[in-house]
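# Provided below for reference: sequence and predicted model.
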Amino acid sequence: MKKLIVNYQDIQKGDKVPILFRKEVLEIPSTTYGVFSIYKYPAKFIPQVIAFVLREYGESGAKVFDPFAGHGTVGLVSKIYGYDYELWDLNPILEIIHKTAVLGKPKVKLENLLKIIDDIKTSNKEFIPEWKNLFYWFQEDFIPLLSKAWGFVHSLDEEYKYYFLIPLLKVTKYFSFCDEKVHKLHRSRYSVQKIKHLLKENWKNIFYKMLKKETAVLFNKLNEYENLCPQTVNYKIRAGVDTLTMDLEEPVDILITSPPYLQAQEYIRSTKLELFWLGYEENFIRNLQKLEIPYREVPEINIGSPTYYKLYQEIKENHLRRIYAQYFNAILSIFSKLGKKVKGYMCIFVGPAKIRNIPIPIDDIIVEHLKNFDWEHKVTFVDKIVSRVMFESKINPASKMKDKRIETEHLIILKNKN
C-alpha cells in the first residue's frame, strides 16, 4: 500500500504535530470495523493509529511487537499489512480474542451456527466456575442455564468453539449484576434493576435470542475483516505473562504499544467475570491481579527525566506519590529493557494524565528518559479523542474537584540511533 504523506520538511525534530488518525487511514472504514471491536476491552487502540505507523515506518519483512497488547489490535492490523507480529499481555483473555479474530472467513453458514445454539437446550453438559463470589454477581435462577450453555460451548471442538465464546461472554455479562456499560467489574443500581426486569420476562428466551444475535454480529465482523484482505503471517501470542520480568527472545523491528493508564490499571479486575467462565481458577486470577503495576513491588531505576522528578515533588500525598513512582519505574524499565532488541522504531501511544489536577505529561517523561538509551525523538503526533466509552462525571470523586477528561492522546515516535 502507498505510504501516507507526512511532510517531514515542515516538522522539526521533537515537534508535537496535531493529527486525526481516523482521517489519515481511510481504507479502514471506522474504529469499530470488523474484528477491531469484537469485545469491549478497556482503553483499546484504534486500528488507524497502528495502520499509520506501519505505513509510515514499516519496511518489507519487518516484525512488529506489542508488549501491552490488550485486545490485540496491533496484531490484527499487522496482518492487513503483511507483517509478522508478537503480542504479550498479562491478561489471558488476549488469547481468546485473538483466536476468535483470526478465524478467517467463516467456513460454516450462519444458519448452521444458529442451529448449534438450539442444541444447548437438550445438552446435559454443565460448567460452574470455581468462584466464591458467584452468587453475588449472578441471580441464582440463572445459574442452571448459564452452566448448561458454558458446559456445551466448552465441550465443542476448536472448529466451532471460537464462534461462540465471545458471544456467550457478552450475554453472560448482561445476565449478571455487573454493569456492562462500565469498563470494570461494577455492580450498580442500573444493573440490579436490569436483573429485576429480566426476572419478570421470559428470560430463557431472551438469553437464546441474545446469544443468536451476538453470534450473528461476530459472524458479520469476521466477514468485514476479510474485506480488508488480512495476509497469512507468522505470529506469537504470549498471554497471561508478566511483561515487567520478560525479555524478547529475538529482535523486532517496530515496537507499537499503549501502556496502561497512569491511574486506571486494573485490567484483570475488569475482565475477572469473563476469566472465571472461561475456566481460569481463582488463585490464578488472584495471582495475575497481584502482578498489575499498582499492586506489586517495582524495583527503582535511575529515571533520566528532569520532568519526572519535578512533578514528584509537587505531589504531596504519599499514596499518590507511590502510584506515580510505581508507574514510571515500571513502564520506563520495560521500555529501556525491551528497547535493546528493537532495531527500528518505538511508537508509544499515551494519554496525558492528572494527579490531583497536576498535569502529568507522560509522553515528555518517556522521551526524556529514553533519550539516554540511544533513542532519537522524531516527532509526537497529538490525536484528538473523538469518542469515549468511559463514563464521565462533572466532579472527580477522588479529589472532589472539577473533573476535566483527557482530550488528546499522543503517539511518540522514537528511532534507534544505532
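Received the coordinates, thanks.

# so where is this structure shaky, pLDDT-wise?
Applying pLDDT under 70 to the chain flags the ranges 1-14, 264-265, 386-406.

# for it, which helix is longest?
When the chain is parsed with DSSP state H, its longest helix is helix 203-227.

# now the strands for the stretch 251-400 of the chain?
252-257, 342-350, 353-355, 358-360, 375-384 (DSSP state E, counting those that start in this stretch).

# Quick one: closest of these to residue 106.
For these, proximity to residue 106 was assessed by CB to CB; strand 252-257 is nearest, at 28.6 Å. Any C-beta I mention is one placed from the backbone N, CA and C, and that applies to glycine too.

# Now the closest one - C-alpha only, PDB.
Extracted in PDB, the C-alpha atoms of strand 252-257 (Å, rounded to 0.1, in the frame of the first residue of the first chain):
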ATOM      1  CA  VAL A 252      12.000  -7.000  16.400                       C
ATOM      2  CA  ASP A 253      11.800  -4.000  14.000                       C
ATOM      3  CA  ILE A 254       9.000  -1.900  15.400                       C
ATOM      4  CA  LEU A 255       7.500  -1.800  18.900                       C
ATOM      5  CA  ILE A 256       4.000  -0.300  18.900                       C
ATOM      6  CA  THR A 257       2.200  -0.200  22.200                       C
END
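
# quick thing: my sequence starts at 45, can you match it?
Sounds good: first residue 45 from here, last item strand 296-301.

# Between strand 386-394 and that strand, find me the angle.
10 degrees (axes from the mean of the first three to the mean of the last three CA atoms, to 10 degrees).

# chain center to strand 296-301: distance?
Distance of strand 296-301 from the chain centroid (CA atoms, centre = their mean, to the nearest Å) equals 16 Å.

# List the pairing partners of that strand within its sheet, with orientation.
As defined by DSSP bridges, the strand partners of strand 296-301 come to strand 107-110 (parallel), strand 386-394 (parallel).

# between the longest one and strand 419-428, how big is the angle?
Relative orientation of strand 386-394 and strand 419-428, computed by the same axes, to 10 degrees: 30 degrees.

# In three-state terms, label residue 229 for me.
For residue 229, the assignment made with DSSP: H, G, I helix; E, B strand; the rest coil gives coil.

# Secondary structure element holding the residue nearest to residue 255 when sequence neighbours are not counted?
Nearest non-adjacent residue to residue 255, counting by CB to CB, 6 or more residues apart in numbering: residue 215, 5.0 Å away. Using DSSP states H and E, residue 215 maps to helix 209-218.

# What residues sit buried inside the helix or strand just after that helix?
Remark: after helix 209-218, the chain's next helix or strand is helix 233-244, criterion DSSP H and E. For helix 233-244, the neighbour count (16 or more other CB atoms under 10 Å) marks 235, 238-239, 242 as buried.

# So what would you say the end-to-end distance of stretch 393-407 is?
In terms of CA to CA, to the nearest Å, the two terminal residues of stretch 393-407 are separated by 8 Å.

# Can you give me the buried ones in that stretch?
Quick answer for stretch 393-407 (16+ other CB under 10 Å): 393-399, 404-407.

# contacts for it?
89, 93, 300-303, 305-307, 351, 355, 358-361, 364, 367-368, 392, 410, 424, 429, 443, 445, 448, 450, 452-456 (CB atoms under 8 Å, 6 or more residues apart in numbering).

# Report the buried members of those.
Buried among those by 16+ other CB under 10 Å: 89, 93, 300-303, 305-307, 351, 355, 359, 367-368, 392, 410, 424, 453-456.

# wait, isn't residue 335 in contact with residue 284?
No - applying CB atoms under 8 Å, one finds residue 335 not in contact with residue 284, separated by 9.7 Å.

# list residues touching both of the two?
residue 134.

# Neighbour count: those two, which is higher?
Set residue 335 next to residue 284 and count neighbours by other CB atoms under 10 Å: residue 284 wins out with 19 against 16.

# The more buried one contacts residue 135, correct?
Yes - shown here, residue 284 and residue 135 form a contact pair, counting by CB under 8 Å, at 7.4 Å.

# how distant is the longest helix of the chain from the center of its chain?
Helix 247-271 sits 21 Å away from the centroid of its parent chain (CA atoms, centre = their mean).

# After that helix, heading C-terminal, what element do we hit next?
Following helix 247-271 toward the C-terminus (DSSP H and E): strand 279-283.

# Report the contact partners of residue 287.
Counting by CB under 8 Å, 6+ apart, residue 287 touches 111-112, 132-134, 378.

# ok so, going back, got the contact list for the residue nearest to residue 255?
Neighbours of residue 215 in contact, by CB under 8 Å, 6+ apart: 251, 254-255, 258.

# any chance of the residues you listed in TSV, plus neighbour count?
What follows is the contacts of residue 215, written out as TSV (neighbours: other CB atoms under 10 Å):
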residue	neighbour count
251	21
254	17
255	21
258	19
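
# Out of these, the closest to residue 331 would be?
For those, the minimum distance to residue 331 (CB to CB) is 30.6 Å, reached by residue 258.

# Would you check that that closest one makes contact with residue 211?
Yes - between residue 258 and residue 211 a contact is recorded at 3.5 Å, counting by CB under 8 Å.

# hmm, back to that, report all helices and strands that the longest helix of the chain contacts.
helix 137-145, helix 154-162, helix 187-199, helix 209-218 (3 or more CB pairs under 8 Å, 6 or more residues apart in numbering; DSSP states H and E).

# tilt between the second one and helix 209-218?
In this case it means helix 154-162. 50 degrees.

# Check what contacts helix 154-162 and list those residues.
By CB under 8 Å, 6+ apart, the list of residues contacting helix 154-162 reads 150, 200, 204, 207-208, 252, 255-256, 259-260, 263.

# Could you tell me which residues within that helix count as buried?
Buried residues in helix 154-162, defined by neighbour count with 16+ other CB under 10 Å: 154, 157-158, 160-161.

# now do the third one
Along helix 187-199, the positions that meet the burial threshold by neighbour count (16+ other CB under 10 Å) are 189-198.

# For that helix, list the C-alpha coordinates in PDB.
Extracted in PDB, the C-alpha atoms of helix 187-199 (Å, rounded to 0.1, in the frame of the first residue of the first chain):
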ATOM      1  CA  ILE A 187     -27.100 -20.400  37.100                       C
ATOM      2  CA  PRO A 188     -28.500 -23.600  35.700                       C
ATOM      3  CA  LEU A 189     -29.000 -22.000  32.200                       C
ATOM      4  CA  LEU A 190     -25.500 -20.400  32.200                       C
ATOM      5  CA  SER A 191     -24.000 -23.700  33.400                       C
ATOM      6  CA  LYS A 192     -25.600 -25.600  30.600                       C
ATOM      7  CA  ALA A 193     -24.600 -23.100  28.000                       C
ATOM      8  CA  TRP A 194     -21.000 -22.900  29.100                       C
ATOM      9  CA  GLY A 195     -20.700 -26.700  29.600                       C
ATOM     10  CA  PHE A 196     -21.900 -27.100  26.000                       C
ATOM     11  CA  VAL A 197     -19.600 -24.500  24.500                       C
ATOM     12  CA  HIS A 198     -16.500 -25.700  26.400                       C
ATOM     13  CA  SER A 199     -17.200 -29.200  25.000                       C
END
